[in-house]
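Chemist: next comes the sequence, and after it the predicted model I'd like to discuss.
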Amino acid sequence: AVVSTQSTGRNKEGILHGLMSIEKLTNKIEQLIDNQSEGKESLFERVASEYSQLQFYVNKNEDLPFVSNMRPRIKRISDYLEGGLHKSFKSGLKNNDKNSVTQCLRIFTTLGRVDQSEQLFADAIIAPIIEELVSKENLSNSGLDGMYCQILDALPAATALVLSLTSPRKDNELRSFDFMSNATFPTIVSKICTKTPALFAAGDPRQFQRSYKETMKFISGFEKLCQYKERVVNLRQHPSYKNFISKWSLPIYFQIRLQEIAGSFEHQLLSPFTFNTQHSTETHSTESSDDEYQLPVSEMLELCIKRCWEEDVLLKPLTHRFLKLTLQLLKRYAVWLSEIPTSSEELIISDICKAVHDSYLIVDKVPELVRTLTADKLPAWDQSEILSISCEDILNSIPVLADYVTDDVIKNCEKALEQTQAVPRLYRRTNREMPTEPLGYVSQLTGPLESDIYNSVLPLAVKQEWCSRTAHQIVTRYSETVTEILVSLRKTEDSLAMLKRGRKAVQTAATTTTYTDEDRIRAQLKLDVAELGAKFDAMGINKGEEFEKLQNLVAKR
């Protein structure tokens, strides 16, 4: 109870001291104001110092009736101080009076009204300049970049005094002021948003992209005027800065570009194998080289990738979105490749070979192309892995095409294989001479292979692989056909031999040994197989063990 009584007594003493201080300071300030025997700046500084103390005690006892009764007198002091200080500060700014401005800034600091001084600076100095420069008329006459340059040219003279006094050095008592971030920039962007709202419309992507880049250039120039890194950090964290940046509808702009770029590619996919008339005349009038695309869809893919990174399309904040679009284009090409065999349209083998040719060319060219395009637009990063994945998708689509082409060639070769069955009929029970030349069906047998694969635009290594693969299947099926012929022939010859042995025939001296039907048929097949091997050799095809077995098959009796 004793402790509680003592505490209550101290509280009352504190309150009484506070009220007495309020009365004393109020009287003192009123006397200073009424007498005004010293210079205005000095008077304001003294009044501000005393007023700061007065506010301390008022805030501690604001709920007491005594303070409420004193408020009219305190308000009179506040109005006097604020009116005179504002007037003196504006005058000092306009007259470039360093001493006056310095003293006013000290008073603002003492009163805790830094933000008020910044707003005064914005209204008195910055706003008139910006009002004159930021207008639809000036924008029309000078262009956006020209208008920004005019603003940047005008700011150094307008801000030089306050910037020199408010550097953020620790030993500077006025370092709490930031006229660039809190006064100048908000005034500029507020006027831009009010006077030129159409600036932020993304409907015209070309104009939007140009305006955005010119604005970022302006902001970069403005940041240089801030002089100190601390000020630049403050600027970027300021609500007006964030709000201004957010007004640029970058997602909408990207969607427009996405529709433009991806739409062009999808449109070309509707007729992937057909060049337009002009392109065919100008570009494909002569034989293309190995490093040129054979299909319009492949050319369009590269054009779309390049388009993503062109200066009049790319915006720095959207860099990773355009990188993603680049990878999506490559993936879409891979999907298209894999879907070719299931297309409802009639397919031409040469077109499929062109698609494979272009696929290898894309895998060879595009990674380096992307690295070149993004070299100065992306931070250092390992592109090899992410690009290799996209290229693998394209390469993984090729085996399906290889199966389709080789199956189609084999199917066409089977028509010639059917003619092999007719070889026995040419010599059975005939008096034909022993054959000396291969039959014409051999050329028909290798014709589809030669025209569709060997003479195609496929890369050499791929061409050799597909030729060998197809040749192996031709030899296998040809061997099966020849085996059937020889087995049937042997059965026939054995039956005839048995009939002869059962007959009583007298051989005369004039009788001579002649070649049998089997001899002629085997001789013909041997010539045909040799011709087949010669055609494989001419195409540089490794015939392999299966062909050697075929040769042995027709050679032995």
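Modeler: All right, it came through fine. Only a predicted model underlies this, so the values are computations on that prediction, with no experimental measurement involved.
Chemist: the helix or strand hosting V482: how far from the chain's middle?
Modeler: Assigned by DSSP states H and E, V482 belongs to helix 460-502. Remark: helix 460-502 is offset 57 Å from the chain centroid, using CA atoms, centre = their mean, to the nearest Å.
Chemist: between helix 460-502 and the following helix or strand past that helix, find me the angle.
Modeler: Using DSSP H and E, the helix or strand that directly follows helix 460-502 along the chain is helix 517-538. If you take axes from the mean of the first three to the mean of the last three CA atoms, to 10 degrees, helix 517-538 sits at 170 degrees to helix 460-502.
Chemist: next SSE downstream of helix 517-538?
Modeler: Using DSSP H and E, the helix or strand that follows helix 517-538 in sequence is helix 544-555.
Chemist: what sits up against that following helix?
Modeler: 468, 472, 475-476, 478-479, 482-483, 486, 522, 525-526, 529-530, 532-533, 536 (CB atoms under 8 Å, 6 or more residues apart in numbering). All C-beta spots, glycine's among them, are computed from the backbone N, C-alpha and C.
Chemist: pull out the buried members of the residues you listed.
Modeler: Buried members of these, counted by 16 or more other CB atoms under 10 Å: 468, 472, 475, 478-479, 482, 486, 522, 525-526, 529, 532-533, 536.
Chemist: with only the CA atoms kept, save stretch 388-408 in CSV.
Modeler: In CSV, the C-alpha atoms belonging to stretch 388-408 read as follows (Å, rounded to 0.1, in the frame of the first residue of the first chain):
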residue,chain,number,x,y,z
SER,A,388,19.5,-30.6,-75.2
ILE,A,389,16.2,-31.7,-73.8
SER,A,390,14.3,-29.8,-76.5
CYS,A,391,16.6,-31.2,-79.2
GLU,A,392,16.2,-34.7,-77.7
ASP,A,393,12.4,-34.3,-78.2
ILE,A,394,13.0,-33.6,-81.8
LEU,A,395,15.4,-36.5,-82.3
ASN,A,396,13.1,-38.9,-80.5
SER,A,397,10.4,-38.2,-83.1
ILE,A,398,12.6,-39.4,-86.0
PRO,A,399,12.4,-43.2,-85.4
VAL,A,400,8.7,-43.1,-86.1
LEU,A,401,9.4,-41.4,-89.4
ALA,A,402,12.2,-43.9,-90.2
ASP,A,403,9.8,-46.8,-89.6
TYR,A,404,7.2,-45.1,-91.9
VAL,A,405,9.6,-44.5,-94.7
THR,A,406,11.3,-47.9,-94.6
ASP,A,407,8.0,-49.7,-94.4
ASP,A,408,6.7,-47.8,-97.3
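Chemist: returning to that earlier point: now render the buried ones among the contacts of helix 544-555 as a markdown table, adding pLDDT.
Modeler: Output for the buried ones among the contacts of helix 544-555, formatted as a markdown table (pLDDT from 0 to 100):
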| residue | pLDDT |
| --- | --- |
| S468 | 94 |
| H472 | 94 |
| V475 | 93 |
| Y478 | 92 |
| S479 | 92 |
| V482 | 89 |
| L486 | 86 |
| R522 | 87 |
| L525 | 91 |
| K526 | 92 |
| V529 | 93 |
| L532 | 94 |
| G533 | 94 |
| F536 | 94 |
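Chemist: need those residues in a markdown table (columns: distance to P367).
Modeler: As requested, the buried ones among the contacts of helix 544-555 are exported to a markdown table (distance: CB to CB, whole Å):
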| residue | distance to P367 |
| --- | --- |
| S468 | 29 |
| H472 | 33 |
| V475 | 39 |
| Y478 | 43 |
| S479 | 44 |
| V482 | 48 |
| L486 | 54 |
| R522 | 56 |
| L525 | 51 |
| K526 | 52 |
| V529 | 46 |
| L532 | 42 |
| G533 | 41 |
| F536 | 36 |
